[in-house]
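Undergrad: Attaching a predicted model along with its sequence, questions to come.
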Amino acid sequence: MHLTVNGESWEMKDGATAEELVRAFGAAERRVAVLRNGEVVPSAERASTVLEDGDGVEILVFAGGG
């Protein structure tokens, strides 16, 4: 399926979840926020949130600093 992730074109297998996308994005070990079509996907629901062809996803990685 075709997704737009952070403004870029991505291909994932049909039936992929938001959690699988976060792993493919390389952010599984980091604190992230995931938005699917403008709606927040709670971290507890990422593994059960099945993405659909054409979805727009934003993965926001939190970075500390000071």
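TA: That came in fine, so what should we check first?
Undergrad: Can you check my assumption that Thr4 lies in a strand?
TA: Yes - the assignment for Thr4 by DSSP: H, G, I helix; E, B strand; the rest coil puts it in a strand.
Undergrad: give me every residue that touches the nearest residue in space to it that is not next to it in sequence.
TA: Setting aside the residues directly before and after it, Thr4 is nearest to Gly56 in space (C-beta to C-beta, 6 or more residues apart in numbering), at 4.7 Å. Any C-beta I mention is one placed from the backbone N, CA and C, and that applies to glycine too. When contacts are counted by C-beta atoms under 8 Å, 6 or more residues apart in numbering, Gly56 touches 3-4, 36-38.
Undergrad: Just send those back as CSV, with neighbour count and distance to Lys13 too.
TA: What follows is the contacts of Gly56, written out as CSV (neighbours: other C-beta atoms under 10 Å; distance: C-beta to C-beta, whole Å):
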residue, neighbour count, distance to Lys13
Leu3, 19, 11
Thr4, 14, 16
Arg36, 18, 17
Asn37, 13, 19
Gly38, 7, 24
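Undergrad: Out of the residues you listed, name the two that are farthest from one another.
TA: Every pair in the contacts of Gly56 was compared (C-beta to C-beta); the two farthest apart turn out to be Leu3 and Gly38, at 14.1 Å.
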